[in-house]
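Enquirer: test case, fold it:
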Amino acid sequence: MPELAILVIVVIVALAFDFTNGFHDTANAMAPSVATGALKPKPAVALSASLNLVGAFLSIEVARTVGSGIVDLTGVDGERLMLIVLCGLTGAIVWNVLTWLFGLPSSSSHALFGGLIGATIAALGLSGVLWGGVSQKILIPALFAPVIAGVVAFVGTWVVHRVTRTISERAQQQSFRWGQIGAASLMSLAHGTNDAQKTMGVIFLALVAHGTIDPDADMPLWVRVACAVAIAAGTYMGGWRVIRTLGKGIVDISPRQGMSADFSSASIILTSSHLGLPLSTTHVASGSVIGSGLAREDVKVRWSVARRMLIAWVITLPAAGAVGGICLLISNLFGHVLGAVVVTTILVVACAAMWLRSRLNPVGHHNVADEWEAPKGERKRVIDRELSAVASHVAPVTRPRKRKQRGGKGGKRRK
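Expert: Okay, the predicted model is just below:
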C-alpha cells in the first residue's frame, strides 16, 4: 500500500511536469509565426497543441532512452527509486516555472535530467548515475545541436533571401505566411515526438520500480495517452512569456527567417527522435532563430538576451540537480510516504508563489507580439544618444528682437 501511494504521487507529478514542458516549449514551435503575424496567438497555440498530441504517438525511442539510460537500477528498492524519480521531477518543474517567470527559453529536457541526476547522487552517490549515458545522450547533443541548427538556419535563410530578392514584398508576405504555418506545424509535430516521450520514460521507470511492469515490456497505452494529453494541454496554455522572448527578444524575425528557422529545427528534432536522442528542443529552436538572424545584414541580434539564455542553459543541469538533491534529503527526514507528501507540498507552494509573482507583470496573447522593449536603463541611454545627435544637427533658434517704436503711446513718429 505505501508503494502504491508513492507511485500515484509520482505519476501525478510526472504529468504535471509534462504540462509545464508543454507551456514552456510552445515558443519553440510558434514564436516565429506569432512574431511575424503569420498566425494569431490563440490559433497558434491551438494548432501546436493538436500536433503535439499527434506527435506523442509516433515514436517511443526517446522514452526508452530516458527510462533506461540515466539511472543505475541495480540493487535499488522500489520505494527508494520512486522517491528519486519524484524528487527529480520536482527539481525539473521548479526550474521550468522559474525560467518561465523570467521568460527564458530554458531546456525542459535538461531540467528533467538534472533533477534526476541530483536526486540520484543524493540517494545513491555518484555511482548511481550512468555517466556514459549522460555524456553520450545529453551533454554531447547539448553542445552540438544548437550549433548545427544555427548553421542550417543560416544557410536556409541566406538561400531564401537570394532566391526571393526580386519578388515584391507583398507577394513574399503572402507566400511565406503559408510556408511559415507549414514549418511551425512540422515543428510542433516534431516536439511531440521528442518531448512527450521523456515523461513517458519517467513514468515507465516508476512503474518498473513499483514492479507493475517488466523493464523489457512495451510502453502501456494509458501512459502514452496520458502524456500526450498533458503536453497538449500545457501547449494550449501558451507559455506567452517565453514566446515573447524567443519571437521578439533575440531578433526581429521576418517571415522568411521564421520559415527557415522552423524547418531547420523540425528536421533536426525529427532526426534525433528517430535515433532515440532526447534532444533539447529549446536549444535547437534558439540556435535556429539566432542563425536565421545572422544570415541577414540588416537584422541585429540582441546578444544581451542571447547571453542570458546561454547562462540559463549552462546552469540548468546543476540548478535542477540541486533542487532534486535537496528534496531527496528532505524526504529522508520523514520516511518514504510522508516524505513524498512533503516534497509534493513544497513543489505546489513554490509554483504557486512564482505564478502569483508573474501576475505583477502579465504577458498574454494580448501583448505577446508587441515590440520588444529594452530595459529602462538601456532605453534611457538610447534616448539620450538620439537627443544628443539631434541637438548637434539642429541650429540654435533665435528669437527676433522687437523694434522699438518711436514716439509716444500712440506710436506716432516724431518729426
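Enquirer: hmm, which helix or strand of this protein has the shakiest average pLDDT?
Expert: The least trusted helix or strand in the chain, going by mean pLDDT, DSSP states H and E, turns out to be helix 376-393, with a mean of 46.
Enquirer: for stretch 206-214, list every residue counted as buried.
Expert: Within stretch 206-214, the residues scored as buried using 16 or more other C-beta atoms under 10 Å are 206-210. (Glycine included, C-beta is placed from N, CA and C.)
Enquirer: which of the residues you listed fall within strands?
Expert: Using DSSP state E, no member of those sits in strands.
Enquirer: find the helix or strand that the residue lying closest to Ser185 once chain neighbours are set aside is a member of.
Expert: Excluding the flanking residues, the one nearest Ser185 by C-beta to C-beta, 6 or more residues apart in numbering is Leu51, at 5.7 Å. Using DSSP states H and E, Leu51 sits in helix 41-55.
Enquirer: distance of the closest residue to Ala46 other than its chain neighbours from Ala206?
Expert: Distances taken as C-beta to C-beta, 6+ apart place Tyr236 nearest to Ala46, at 6.2 Å, with adjacent residues excluded. According to C-beta to C-beta, to the nearest Å, Tyr236 and Ala206 sit 26 Å apart.
Enquirer: again, but for Arg177
Expert: 44 Å.
Enquirer: could you do Ala149 as well?
Expert: For Ala149, the distance to Ala206 - C-beta to C-beta - is 32 Å.
Enquirer: give me the angle between the helix or strand hosting Ala5 and helix 41-55.
Expert: Counting by DSSP H and E, the element that carries Ala5 is helix 2-36. If you take axes from the mean of the first three to the mean of the last three C-alpha atoms, to 10 degrees, helix 2-36 sits at 130 degrees to helix 41-55.
Enquirer: so which residues of the stretch 101-250 of the chain form helices?
Expert: Assigned by DSSP state H, counting those that start in this stretch, the helices in the stretch 101-250 of the chain fall at 108-124, 131-134, 140-164, 169-210, 221-237, 240-244.
Enquirer: and the ones you listed: which comes nearest Ser33?
Expert: Closest approach to Ser33 among these (C-beta to C-beta): helix 169-210, 4.5 Å.
Enquirer: let me see the mean pLDDT of the closest one.
Expert: Helix 169-210 shows a mean pLDDT of 80.
Enquirer: what angle sits between that helix and helix 108-124?
Expert: Using the same axes, to 10 degrees: helix 169-210 against helix 108-124 is 20 degrees.
Enquirer: relative to helix 140-164, how tilted is helix 169-210?
Expert: Using the same axes, to 10 degrees: helix 169-210 against helix 140-164 is 160 degrees.
Enquirer: since that was my last question, I'll sign off now.
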